[in-house]
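Asker: what follows is a predicted structure for the sequence shown.
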Amino acid sequence: MSEAYDPYAIPRSGDGGEHRRNLILVNVLIMTLMVCIDMSIVGVALPVMAKELGVGMGDVQWVNTGYLLVSCAGILIGGRLGDIYGKVRVFMCGVALFTVGSLMCGIAPTLEICILGRAVQGLGAAAAFSNNQGIITETFPTNERGHALGWIATAASLGALIGPTLGGFILTIASWGGIFLVNVPFGIVLFTMGLKILPNRKPAHPGKLDKPGSVLLFCSLMLVVSAVTELQQGSAAIVWAQLVLGLVLLAGFVLVERRSADPVFPLSILRNKTLLINMFTMFALFFVIGGQSMVLPFYFQDARGMTAGESGLFMTVIPIITGTVGPVAGALSDRIGCYWPTCVGLALACIGELGVSLWGVDSPIVQVIVTLVVYGMGSGMFNAPNNSLIMGSARREDLGVVGGFAAFARTFGQTAGLTVATSVLYGNMSTQMGMQVTDYVAGRPDVFLNAMTFVFLTMAAVVGLGFVCTVVRFVQTRRAEHDAERALNG
């Protein structure tokens with residue numbers, strides 16, 4: 001029988017010194033930020049890359065898609081490898097692969113080499129991203145864990161939000177290769193630093209890698225994520241066939257895992273209802289991040305006629321507020337628990353999305369900023385405590401798998417949010433115009449604003465569902481605690 005993980009146990013943390021723990025946190029934090037930035041930074045450079053490499057936009061989109069597919073498909077397997085060989089060892093392999101892939105992309109003379117480099121980057125991102133929270137959970141004692149995971153959650157959110165703005169800034173001072181080469185010196189420093197300060201703990205019950213299950217999982221997720229991504233461009237029959245095949249392979253993976261002595265993804269995890277609720281709420285928030293990252297630039301630049309620089313300033317409001325509130329919320333959750341902050345955070349995020357749905361072309365700047373601040377506060381308040389709940393509900397031998405599961409929920413949430421927002425926006429605009437629309441309609445801000453309202457009402461509904469789930473979880477937990485207290489008192 002596997003050893004139960006006690007979330008209240010204080011783990012050993014390297015040499016036990018606070019300074020060493022903080023160095024470990026910085027190392028993991030910077031890598032998390034780099035991985036999340038690279039999920040969104042490339043989009044702004046694709047038109048430039050297509051022109052300089054002499055390819056079409058359909059082909060150059062694979063620079064983004066290749067990274068996304070490999071990282072999503074490999075995240076869960078990376079988490080399992082961390083449970084087998086040690087989380088730090090797999091994390092360090094991820095840093096190395098990510099750095100090499102960045103170099104390949106930065107000096108790539110052809111599109112094919114750039115896409116290959118992005119695939120290598122994606123493998124590195126999957127290995128590192130799936131083990132970052134596990135390393136922190138093993139390193140920090142319970143009374144400090146929420147604060148530490150708060151910084152990780154903040155880095156993940158900030159990376160997803162600032163990628164396009166940072167990419168645009170780099171393109172103003174360097175060629176498109178600069179958005180990849182900037183990772184190389186950071187990667188080298190992180191790898192060197194990691195060799196000296198990251199403690200690789202040998203797993204107590206490592207097991208073996210389930211190779212058939214890993215192949216089925218990787219292929220099924222590649223097909224599913226690829227189909228969801230391609231649905232942004234249309235719903236061709238081949239895309240739906242790809243999605244169906246991916247789901248069939250995923251069903252085959254479940255059958256294989258049920259018979260495996262060392263499953264790559266223990267299905268028993270799915271019986272943990274609290275964990276699933278925490279995962280869904282995380283998915284819901286990153287679903288919104290993916291959607292609004294596509295819609296808001298159109299609002300600021302096309303509907304309101306702002307410059308790219310002015311739009312970028314408004315887009316930085318959310319990451320600034322999230323980055324400020326996140327660590328504070330993590331520290332607060334160490335003192336008062338995680339349930340209240342997650343409930344309040346999702347409520348504020350929902351209010352923020354509803355607020356955006358009310359924007360018009362002449363909405364006061366104060367109204368716009370206040371709405372962004374409210375959403376940013378909700379995002380920052382939710383992420384850290386929810387991460388702590390997720391990792392605290394995992395057994396010690398499953399920390400890597402659960403960390404990978406959480407990373408997948410974030411990444412796939414962004415992908416699904418982008419797809420749904422794109423489909424809803426252009427579908428609604430097409431209905432209003434009576435023809436196929438795939439871009440902003442010049443001179444018709446009313447068409448865009450009507451569609452944007454519908455998009456953000458959809459986003460609010462998704463976050464609202466997450467809020468309801470969080471409240472249900474909170475009530476059930478309190479009821480269980482009261483029942484246990486009554487039983488104890490006889």
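Answerer: Right, received. Where do you want to start?

Asker: can I get stretch 66-79 in PDB? Just the C-alpha atoms.
Answerer: Provided in PDB are the C-alpha atoms of stretch 66-79 (Å, rounded to 0.1, in the frame of the first residue of the first chain):
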ATOM      1  CA  GLY A  66       4.100  23.000 -32.200                       C
ATOM      2  CA  TYR A  67       5.100  24.400 -28.900                       C
ATOM      3  CA  LEU A  68       1.600  24.100 -27.500                       C
ATOM      4  CA  LEU A  69       1.000  20.600 -28.700                       C
ATOM      5  CA  VAL A  70       4.300  19.100 -27.300                       C
ATOM      6  CA  SER A  71       4.100  20.900 -24.000                       C
ATOM      7  CA  CYS A  72       0.400  20.000 -23.400                       C
ATOM      8  CA  ALA A  73       0.900  16.400 -24.500                       C
ATOM      9  CA  GLY A  74       4.100  15.900 -22.400                       C
ATOM     10  CA  ILE A  75       3.100  17.600 -19.100                       C
ATOM     11  CA  LEU A  76       1.400  14.700 -17.400                       C
ATOM     12  CA  ILE A  77       4.200  12.300 -18.500                       C
ATOM     13  CA  GLY A  78       6.800  14.800 -17.200                       C
ATOM     14  CA  GLY A  79       5.000  14.800 -13.800                       C
END
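
Asker: ok, E353 touching M459?
Answerer: Yes - applying Cβ atoms under 8 Å, one finds E353 in contact with M459, separated by 4.6 Å. All C-beta atoms are positioned from the backbone trio N, CA, C, and that covers glycine.

Asker: so which of those two has more stuff around it?
Answerer: M459 (30 against 26; other Cβ atoms under 10 Å).

Asker: can you tell me how far that one is from A96?
Answerer: Using Cβ to Cβ, to the nearest Å, M459 is found at 37 Å from A96.

Asker: how about G246?
Answerer: Taking Cβ to Cβ, one finds G246 at 30 Å from A96.

Asker: so where's the stretch 351-490 of the chain shaky on pLDDT?
Answerer: Across the stretch 351-490 of the chain, the ranges flagged by pLDDT under 70 are 393-400, 438, 481, 483-484, 489-490.

Asker: mutual contacts of E353 and M459, please.
Answerer: 288, 292 (Cβ atoms under 8 Å, 6 or more residues apart in numbering).

Asker: can you list the buried residues in the helix or strand C36 falls within?
Answerer: For C36, the host element (DSSP states H and E) is helix 18-38. Across helix 18-38, burial judged by 16 or more other Cβ atoms under 10 Å covers 20-21, 23-25, 27-38.

Asker: kindly export that helix (C-alpha atoms) in CSV.
Answerer: Listed in CSV are the C-alpha atoms of helix 18-38, where the atom choice follows Å, rounded to 0.1, in the frame of the first residue of the first chain:
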residue,chain,number,x,y,z
GLU,A,18,15.5,29.9,4.9
HIS,A,19,18.1,31.4,2.5
ARG,A,20,18.5,28.1,0.7
ARG,A,21,14.7,27.7,0.4
ASN,A,22,14.4,31.2,-1.1
LEU,A,23,17.1,30.4,-3.7
ILE,A,24,15.2,27.3,-4.6
LEU,A,25,12.0,29.4,-5.0
VAL,A,26,13.8,32.0,-7.2
ASN,A,27,15.1,29.3,-9.5
VAL,A,28,11.8,27.6,-9.9
LEU,A,29,10.0,31.0,-10.2
ILE,A,30,12.1,32.3,-13.0
MET,A,31,11.7,29.1,-15.1
THR,A,32,8.0,29.1,-14.5
LEU,A,33,7.8,32.7,-15.7
MET,A,34,9.9,31.9,-18.8
VAL,A,35,7.7,28.9,-19.8
CYS,A,36,4.4,30.8,-19.4
ILE,A,37,5.7,33.8,-21.3
ASP,A,38,6.8,31.6,-24.2
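
Asker: what comes into contact with that helix?
Answerer: Residues contacting helix 18-38 (Cβ under 8 Å, 6+ apart): 13-14, 67, 71, 91, 94-95, 98, 102, 121, 125, 128-129, 132, 135-136, 139-140, 144, 148, 151-152, 155-160, 162-163, 166, 183, 186-187, 190, 193-194, 197-199.

Asker: one more: stretch 249-269?
Answerer: 76-77, 80, 207-210, 212-214, 216-217, 219-221, 223-224, 275, 394, 398, 401-402, 405.

Asker: let's see it at 6 Å
Answerer: 76, 80, 207-208, 210, 212-214, 216-217, 219-220 (Cβ atoms under 6 Å, 6 or more residues apart in numbering).

Asker: flag the least confident of those.
Answerer: Across these, the bottom pLDDT score, 72, is held by G207.

Asker: roughly how far apart are the nearest residue to it once chain neighbours are set aside and P185?
Answerer: Nearest residue to G207 in three dimensions, chain neighbours excluded: D262, at 3.9 Å (Cβ to Cβ, 6 or more residues apart in numbering). Taking Cβ to Cβ as the measure, D262 and P185 are separated by 39 Å.

Asker: same check on L275?
Answerer: For L275 relative to P185 (Cβ to Cβ), the value is 38 Å.

Asker: of those two, who's got more company?
Answerer: L275 (21 against 11).

Asker: quick one: that one and V471, what's the gap?
Answerer: L275 is 17 Å from V471, by Cβ to Cβ.

Asker: do M34 as well
Answerer: 35 Å.

Asker: equivalent analysis for L223, please.
Answerer: 35 Å.

Asker: so for those two, which residue has more residues nearby?
Answerer: Under the criterion of other Cβ under 10 Å, the comparison of L223 against V471 puts L223 first, with 22 against 15.

Asker: buried set for stretch 212-232?
Answerer: Buried-residue list, stretch 212-232, by 16+ other Cβ under 10 Å: 213-214, 216-232.

Asker: what comes into contact with that stretch?
Answerer: 65, 69, 72-73, 77, 239, 242-243, 245-246, 249-250, 252-253, 256-257, 260, 264, 415, 419, 422.

Asker: now for the lengthiest helix in the chain, which elements pack on it?
Answerer: Identified as the longest helix of the chain according to DSSP state H is helix 445-488. Counting contacts by 3 or more Cβ pairs under 6 Å, 6 or more residues apart in numbering; DSSP states H and E, helix 445-488 is packed against helix 273-298, helix 339-357, helix 399-433.

Asker: buried stuff in the first one?
Answerer: Just to be clear, that refers to helix 273-298. So helix 273-298, judged by 16+ other Cβ under 10 Å, has buried residues 275-298.

Asker: off-centre distance for that helix?
Answerer: 8 Å (Cα atoms, centre = their mean, to the nearest Å).

Asker: then the last one?
Answerer: Between the mean C-alpha location of helix 399-433 and the chain-wide mean there is a distance of 10 Å, by Cα atoms, centre = their mean.

Asker: tell me what it is packed against?
Answerer: By 3+ Cβ pairs under 6 Å, 6+ apart, helix 399-433 packs against helix 62-85, helix 132-139, helix 273-298, helix 445-488.
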